[in-house]
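Enquirer: coords please:
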Amino acid sequence: MPFGFHGYDLIVILIIALLIFGPRKLPEIGSAVGKSIREFKKATSVVVEQVEPTPRPPEPKQISAAPASSESAPALAASIADAQMGESVGSKNEYV
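Expert: Numbering: from 1, shown residues only. Here you go, the predicted structure:
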């Protein structure tokens with residue numbers, strides 16, 4: 001909970017407020033506090049919007065062409081399948 005308050009602390013505070021202000025005045029106080037918090041949030045959001053610069057749109061990404069491969073697509077697929085099965089790829093006896 002914010003400010004280190006726990007459930008029991010809030011209950012004690014509410015009971016004390018009820019005893020001090022009474023059951024008729026407590027809803028009015030709660031409404032006033034809610035309006036105050038709402039206005040404060042609105043004012044801070046306006047200030048933050050004025051302080052922060054407007055974000056620029058993202059620049060388009062450069063798409064680079066894929067390098068040409070010396071292997072054909074079926075041969076490349078076969079070598080990938082061999083590598084996934086744990087078999088050696090090429091003459092260097094490396095595992096991928």
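Enquirer: measure Ile63 to Lys42 for me?
Expert: 44 Å (CB to CB, to the nearest Å). The C-beta positions use only the backbone N, C-alpha and C, and glycine is treated the same way.
Enquirer: who has more neighbours, those two?
Expert: Lys42 (10 against 6; other CB atoms under 10 Å).
Enquirer: which elements pack onto the helix or strand encompassing the more buried one?
Expert: For Lys42, the host element (DSSP states H and E) is helix 7-51. Contact here means 3 or more CB pairs under 8 Å, 6 or more residues apart in numbering; DSSP states H and E; on that basis helix 7-51 packs against no helix or strand.
Enquirer: what's the mean pLDDT across it?
Expert: Averaged over helix 7-51, pLDDT sits at 89.
Enquirer: can you check stretch 82-96 too?
Expert: 56.
Enquirer: then stretch 58-77?
Expert: If you average the pLDDT values across stretch 58-77, you get 65.
Enquirer: quick check: end-to-end length of it?
Expert: 36 Å (CA to CA, to the nearest Å).
Enquirer: against Ile15, how distant is Ala77?
Expert: In terms of CB to CB, Ala77 sits 74 Å off from Ile15.
Enquirer: try Lys25
Expert: In terms of CB to CB, Lys25 sits 15 Å off from Ile15.
Enquirer: ok, now Glu28?
Expert: 18 Å.
Enquirer: ditto for Gln62
Expert: Gln62 is 65 Å from Ile15, by CB to CB.
Enquirer: can you check Ile37 too?
Expert: 22 Å.
Enquirer: just Ser45 next, same as before
Expert: Ser45 is 34 Å from Ile15, by CB to CB.
Enquirer: can you check Glu52 too?
Expert: 42 Å.
Enquirer: ok, Phe21 next?
Expert: 11 Å.
Enquirer: more neighbours: those two, which one.
Expert: Phe21 (14 against 10).
Enquirer: now for that one: which residues touch it?
Expert: Ile29 (CB atoms under 8 Å, 6 or more residues apart in numbering).
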